[in-house]
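> Sharing a model prediction with you, sequence too.
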Amino acid sequence: MEAIVYEEFGGPEVLRHTAGAAVPEPGPGEVRVKVAAVGVNPVDWKRRYGWVEAFYPTTFPAVPGLEFAGTVDRLGEGVTGLAVGDEVLGWTKTGAYAEYAIADIVVPKPAGLSWEAAASLPVAGETAQRVLDLLGVRAGETLFLHGAAGVVGSVGVQLAVAAGVTVVGSASESNHAYLRELGAIPVAYGEGLADRVRAAAPDGVDAVFDAAGHGVLPVAIELLGGGLPGGEEAAKERIVTIADVDAEKYGIVFSGSLGDPEAVRAGLTAHARGAAAGTLTVRLAETLPLKEAARVQELSESGHVRGKLILIP
């Protein structure tokens, strides 16, 4: 089968396109999917560098990619509720940059939802929902979301706003109009960020979701520390990052692992239905063939892409 494979950690040059990869077979409780579209995520190239082994240990040869949309091709023993030919989206156990992938967390793709849109949902939706749940944000509270115009950040904005939360979101000024469309109050990155957040939320913020990193955790602690009983130590309980590997140094939660599988399925089903209904959107940046995976990961790593990058086997 067609696949992208790498056999050592390194830059994009370690990625190799092959038409001769072995077709995987599903085990008990698993399905094999013929992949129609692959969502590209920053974690793909972070894994390629070997930076996130604590969360995603690598066995070589490795196929990149976590999320996909496609058609069920074969059922493993004990699988119920699915049939060959069903259109699904979900998380792969064998790597999504391939013609076929094995999965045990899939949900139906709603009719009318494109393959590209479906493949953009699993990682962003699950990550955003997981962090919002960890933070415990509720209606009437104010959330500061750092990196709000990114794929995960923008989904987080939409989910939080729908739950009645006021969102102050940081982004480059070119993305401020987009954030307003999503219902967030935009603020610019850079020096003076804390003051801009305070101006946007004069009554203070209740929680911080860091989706971008770049050293914002001290700012987050400062923003919350003065407004909570217990000061900075209490503030740390309402800050979660998915992007700053120095989180432990600050005593802040780094969230990088999937939650309970049943909760993941339920959330993905709801997000897919929302996307099909037009109430949840992921901005698509570019769709390219699988053989251009190295170039696509370079684009993702550049940090200058607006929206989701998609690969098509």
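Yep, that arrived.
> For Phe254, give its distance to Ser114.
According to CB to CB, to the nearest Å, Phe254 and Ser114 sit 33 Å apart. C-beta: built from backbone N, CA, C; applies to glycine.
> Show residues contacting the helix or strand hosting Ala117.
Following DSSP states H and E, the helix or strand that holds Ala117 is helix 115-119. Outside of helix 115-119, the residues that reach it under the criterion CB atoms under 8 Å, 6 or more residues apart in numbering are 36-39, 67-70, 89, 109, 272, 275, 282, 284, 287, 308, 310.
> Which of these fall in helices?
The subset of the contacts of helix 115-119 located in helices under the criterion DSSP state H comprises 272, 275.
> Just the ones of the contacts of helix 115-119 in strands?
Using DSSP state E, the members of those that fall in strands are 36-39, 67-70, 89, 284, 287, 308, 310.
> Confirm that Ala124 sits in a strand.
No. Going by DSSP: H, G, I helix; E, B strand; the rest coil, the assignment for Ala124 is helix, not a strand.
> for it, what are its contacts?
For Ala124, the set of contacting residues under the criterion of CB under 8 Å, 6+ apart consists of 39, 151-152, 154-155, 282, 308.
> Tell me the confidence at it?
Model confidence at Ala124, expressed as pLDDT, equals 96.
> And for Gly147?
Looking at Gly147, its pLDDT reads 95.
> Touching, it and Ala243? I think so.
Yes. With contacts defined as CB atoms under 8 Å, Gly147 counts as touching Ala243 at a distance of 7.0 Å.
> Between those two, which has more neighbouring residues?
Between Gly147 and Ala243, Gly147 has the larger neighbour count (other CB atoms under 10 Å), namely 24 against 21.
> ok, that one - contacts?
153, 170-171, 210-213, 243.
> repeat that with 10 Å
Contact partners of Gly147, counting by CB atoms under 10 Å, 6 or more residues apart in numbering, are 153-154, 156, 169-171, 189, 209-214, 216, 241-243.
> PyMOL command to pick out the buried ones of the residues you listed?
In PyMOL, selecting the buried portion of these, with burial taken from 16 or more other CB atoms under 10 Å, looks like this:
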select buried, resi 153+154+156+169+170+171+189+209+210+211+212+213+216+241+242+243
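> Need the contacts of Ala124 in JSON lines (columns: pLDDT).
Written out in JSON lines, the entries for the contacts of Ala124 read as follows (pLDDT from 0 to 100):
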{"residue": "Gly39", "pLDDT": "98"}
{"residue": "Val151", "pLDDT": "94"}
{"residue": "Val152", "pLDDT": "96"}
{"residue": "Ser154", "pLDDT": "97"}
{"residue": "Val155", "pLDDT": "97"}
{"residue": "Val282", "pLDDT": "95"}
{"residue": "Lys308", "pLDDT": "96"}
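> Could you single out the nearest of those to Ala184?
Within the set of the contacts of Ala124, Ser154 lies nearest Ala184; the separation is 8.8 Å, counting by CB to CB.
> how many other residues sit next to the residue nearest to the closest one when sequence neighbours are not counted?
The shortest distance from Ser154 to any residue that is not its chain neighbour, by CB to CB, 6 or more residues apart in numbering, is 6.1 Å, and that residue is Leu182. When neighbours are defined as other CB under 10 Å, Leu182 has 21 of them.
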